[in-house]
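# missing the sequence, but the structure's below:
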């Protein structure tokens, strides 16, 4: 079986590396050539264009946004020329309506589709240790699972409608942002009252909040070191905006998400767009005159 | 050394039990007699009034609110008659300004004072497995620590000013309420989009949020079973109100806490005052027409 | 001078009527034929398609949304075939980025463009008593002003960049929605405390808030009669969403707008989409268990 | 009939002046002597202590806060020594629970009580042009009305329970703060998009918002001149806090009020406590990086 990978940013390259290590016959494509060349040195074949990738049996795409997928795939007629019955796995954090649209279009073209967004950083992807969310028609998920297993520590099946996986991914990123904001407010309260934020974060992560979300971001927030960025603040805003839009479309007012969006905008207005998204935790400190 | 315990609700009784098991000479008092009688059967002495408790070398009080402490201790002149130099450990979740006031009053009376709020449920208290936060003057904390160790899995020292421990406790309860609200919003979004809330909570607690706060409340929220109450919703509102007041006094606008307060009020207005405080997670479901 | 009007909903028809009464040579178009037929009986000429309207010297369009304009005008190549140098007046409440895009496209085609959103209901439009906001290049605004004067009580010039008028219109609708929400909260507080909401609204509109926004909506909210709709709740949500998006694009976190959006979503989830937008005032009543 | 006035701040002195001008036999008291001396020169008698004021047939008190009334009147036993059946008119903006408590205590002492908070600035009080809200038992309101009429342009009866007038006053101040916040957000959006805030405020106050609330504060906010203070920001925070508390007690979540409170705290944290309360409009500008 031949597998294609399109979109070789840090995450996409990491996932491709896991697939090579698993012994797959891989064909790769990226808009700019350098990342593909690197993978060719590690054993992948390089496609002359994105359509060639879609001649594989299955393709994983890790393009950054709805717009990027629309431009690189839909607008180019790639699906019309794809190998009949091939499986398309979209691992980017795309919007819920776009996932619905993609599922429908693939069906119209006789192609299989799953949404399979991932949780984890690039090094985790390269180590094959991601948490992968997956949803789509049963047969498509069954075909996708062994492939996903090559870069996943665990695959989380979330239902037979592809957008379910995207909802879950948005919910997880929303929950992360909530934890960040909560720690930001708690640390500002602590600091203003003479309590060391580090001590508070140790208490949190040593008791009720002994989980990666808090252990990773707690010290970052207590020490206010938001650079270099692990996940860009602008991308965080995009995800929260998509969560709010999904809420609007389905009739769910997300009060915490609205506060988060305002704080993301505040952070952007203060020049933090390129910092780590946990820099939204600085908003409350600034508002508290700290 | 003789230790007194005043306030024998579920938590106070649990802590007293741990002290008895540790072999302490214990004298206890409660406004209503029954809980004291039970502890007498287990080996404690019963004080004829609260002043007798304050003849011990150290007293742990677990009265529910600022007002209860004010009424039972300050208004009765108990501190005026207390054993000179005795140590008073207040383990209730009291407000920050009241902790400051207590620290000052005890100093004026030549008594030692620490704030030592606890994290954990009554059974954890009885098992001696609480997390205990402590702050106060160095000497007082040193005297308190071995006593706290008798009902604590771990003692978390938080500084030389007593209110630091109360700030930390309010921050922890605020963070718990944030996690509850976040899961409530995420589950409503999931449900409205056809994704099983249970599946989402499993994903959360199996990945980034593998911590007690989420493991305890995730299933409760996914299944919407808010009775019986582990922690009363009215008490949750009190703690969030105190966090907001501490924020106001120190100049920190807590945007998440403001959303929480509104949701607590909404829940109360819908008759949920006596349910578990995680019933605030039902607010967003109701707002979403679920 | 010949004037075209495209988009003959209630507002567009009212504005066309004012233009006929002012003695203008009018050519009209609408997607569905009936409204055009009525105006033909009153003296207007009927265009066979929208392109014929754009052969006039000036065109006023009152199509409902960005998407409607995009579809009926941009996608049909109407601007390519328009009379050279003609003036296009867009009176719909469109988004700020789309106003920018329209200004640029018209310039590229050698056409004049102004944004001229209006304030007022259909009967006010037919009476020629609207408040009209206008912005665009100086020459275009000079050409537009006498035309706008035919359906305006007053024309408010807002600058040389077309989107300024759209920002002002979004701000005005945002302010109206704020007044509605404020009265909703105040009336719920009154009702829950035994004070008649009508009495409170009389106090408001008899003292500090003696203005149309409060006089129109105060009694509506006090009596909770949200039907028939003067302005659809779904359209209100669209405008608040556009205000929030304009805020995001320009770096302004609009905290009140975020609350409003959540309440619009709440109202939609309770089946109020087709009611008057002041039905968002019912949200707080419902949350208060009233 | 002899009338007493206690509390001779700017507002109280203005009201006293209107009573003197109306030819009343007036006895006055203030904690610090100067304001009383001025009024004595204008014809008032000066009481040796506050109890002497309560020997009058009716007393108007204009003490700033719940605490000030508690200290100056309740704690001194003034009501115990008051002339039997005398009428006490409390014109300060006090909290709803305290108004309830005052009504009950006066009844227990056989005294008549009305809440009669006022709207207007000191010069309006001195000119006898205030809007006066009044509530209380029918007989008490009937006795109070002619007195209130001496400093009122209009008296607004709000019911037979005294706290109704306080709820209405809190609601009015809440609505004013909402208008301020709304204009602050709208002006920040305008400024960030190149639209003159002054032009926007002219549009507002020339159309839908042609009312004192907007005409007074619109230019202040557009020009960001928050000094000198007409109404102190700290007092504004007190009133919003009381509105929120009244909401909590009666089960009404006031989402706008929660945003306001956070912005008041933000303003205080930036040193604006002594500025006019409209300085909360600067919060969004600061958050927008303006």
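Received the coordinates, thanks. Being a predicted model, the structure only gives us computed values, none of them experimental. Numbers count the residues shown, from 1 in each chain, chains lettered A, B, ... in the order given.
# C-alpha from now on. contacts and neighbour counts both.
Will do.
# which residues are contacting the helix or strand bottoming out on mean pLDDT in chain A?
Every helix and strand in chain A was compared by mean pLDDT, DSSP states H and E; the lowest is helix A:122-126, with a mean of 88. With C-alpha atoms under 8 Å, 6 or more residues apart in numbering or on different chains as the contact definition, helix A:122-126 has outside contacts at A:10, A:11, A:13, A:14, A:15, A:16, A:17, A:18, A:130, A:151, A:152.
# Pull out the buried residues from these.
A residue is treated as buried here by neighbour count (16 or more other C-alpha atoms under 10 Å in any protein chain shown); on that basis the buried members of the contacts of helix A:122-126 are A:10, A:11, A:13, A:14, A:15, A:16, A:17, A:18, A:130, A:151, A:152.
# Identify the farthest-apart pair in the contacts of helix A:122-126.
Put simply, by C-alpha to C-alpha the two of the contacts of helix A:122-126 set farthest apart are A:10 and A:152, 15.9 Å from each other.
# Spatially nearest residue to the residue in the stretch 51-200 of chain A that chain C sits nearest to (excluding sequence neighbours)?
With C-alpha to the nearest C-alpha as the measure, residue A:181 is the residue of the stretch 51-200 of chain A nearest to chain C, at 15.7 Å. Once flanking residues are discounted, residue A:181 sits nearest to residue A:281: 5.4 Å by C-alpha to C-alpha, 6 or more residues apart in numbering or on different chains.
# I figured residue A:91 hits residue A:60, correct?
Yes: taking contact to mean C-alpha atoms under 8 Å, the distance of 6.8 Å between residue A:91 and residue A:60 places them in contact.
# For the nearest residue to residue A:231 once chain neighbours are set aside, give its distance to chain D.
Using C-alpha to C-alpha, 6+ apart and skipping residues adjacent in sequence, the residue nearest residue A:231 is residue A:276, 5.3 Å away. Residue A:276 sits at a distance of 19 Å from chain D (criterion: C-alpha to the nearest C-alpha, to the nearest Å).
# hmm, back to that, just after the least confident helix or strand of chain A, pick out the following helix or strand.
Once helix A:122-126 ends, the next helix or strand along the chain (criterion: DSSP states H and E) is strand A:130-136.
# residue ranges for the helices of the stretch 1-150 of chain A, please.
Using DSSP state H, counting those that start in this stretch, the helices of the stretch 1-150 of chain A run over residues A:10-21, A:34-41, A:50-53, A:66-69, A:96-108, A:122-126, A:138-149.
# got the residues of chain A near chain C?
Residues of chain A lying near chain C by C-alpha under 8 Å from any C-alpha of the partner chain: A:248, A:251-255, A:258-259, A:261-263, A:265-266, A:268-269.
# Can you name the two of these that sit furthest apart?
Checked with C-alpha to C-alpha, those reach their widest spread between A:251 and A:269, with 29.4 Å between them.
# These two - which one has more neighbours?
Counting neighbours by other C-alpha atoms under 10 Å in any protein chain shown for residue A:251 and for residue A:269 shows that residue A:251 has the greater number, 27 against 21.
# Now do the same contact list for the more buried one.
Residue A:251 is in contact with B:192, B:288, B:289, C:265, C:266, C:268, C:269, counting by C-alpha under 8 Å, 6+ apart.
# Buried subset of the residues you listed, written for PyMOL?
To isolate the buried members of those in PyMOL, using 16+ other C-alpha under 10 Å:
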select buried, (chain B and resi 192+288+289) or (chain C and resi 265+266+268+269)
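# Show the pLDDT at residue A:195.
According to the per-residue confidence, residue A:195 scores 96 in pLDDT.
# From residue B:152, how far off is it?
Computed with C-alpha to C-alpha, to the nearest Å, the distance linking residue A:195 and residue B:152 is 22 Å.
# next one: residue A:224
Relative to residue B:152, residue A:224 is positioned 32 Å away (criterion: C-alpha to C-alpha).
# do residue A:244 as well
Looking at residue A:244 against residue B:152, where the rule is C-alpha to C-alpha, the gap reads 42 Å.
# The residue nearest to residue A:231 is in contact with residue A:230, isn't it?
Yes: the pair residue A:276 and residue A:230 qualifies as a contact (C-alpha under 8 Å) at a distance of 5.7 Å.
# closest point of the stretch 51-200 of chain A to chain D, which residue?
In the stretch 51-200 of chain A, no residue comes nearer to chain D than residue A:192, which is 10.4 Å away by C-alpha to the nearest C-alpha.
# Apart from its neighbours in sequence, what residue is nearest that residue?
Excluding its sequence neighbours, the residue lying closest to residue A:192 (C-alpha to C-alpha, 6+ apart) is residue B:250, at 6.0 Å.
# ok, back up a step: neighbour-wise, which of residue A:91 and residue A:60 wins?
residue A:60 (28 against 25).
# Which residues are in contact with the spatially most distant residue from the centre of chain A?
Among the C-alpha atoms of chain A, the one most distant from their mean position (C-alpha atoms, centre = their mean) is that of residue A:194, at 37.4 Å. Residue A:194 makes contact with residue B:164 under the criterion C-alpha under 8 Å, 6+ apart.
# Give me the mean pLDDT for the longest helix seen in chain A.
Longest helix of chain A, by residue count under DSSP state H: helix A:163-192. Along helix A:163-192, the predicted confidence averages to a pLDDT of 98.
# what's the following helix or strand after that helix?
By DSSP H and E, the next helix or strand past helix A:163-192 is helix A:197-206.
# hmm, that following helix in reach of chain B?
Yes: Helix A:197-206 is in contact with chain B by C-alpha under 8 Å from any C-alpha, via A:199, A:200, A:203, A:204.
# Select from those residues the one having the most neighbours.
Within the residues of helix A:197-206 next to chain B, most neighbours by other C-alpha under 10 Å means residue A:200, with 28 neighbours.
# close enough to count as contact, that residue and residue A:185?
No: taking contacts as C-alpha under 8 Å, residue A:200 lies outside contact range of residue A:185: 11.7 Å.
# Give me the phi and psi angles of residue A:121.
Per-residue torsions, residue A:121: phi -90, psi 170 (degrees, to the nearest 10).
# That one reaches residue A:11, doesn't it?
Yes: assessed by C-alpha under 8 Å, residue A:121 is found in contact with residue A:11 at 7.0 Å.
# Thanks again, I'm all set now.
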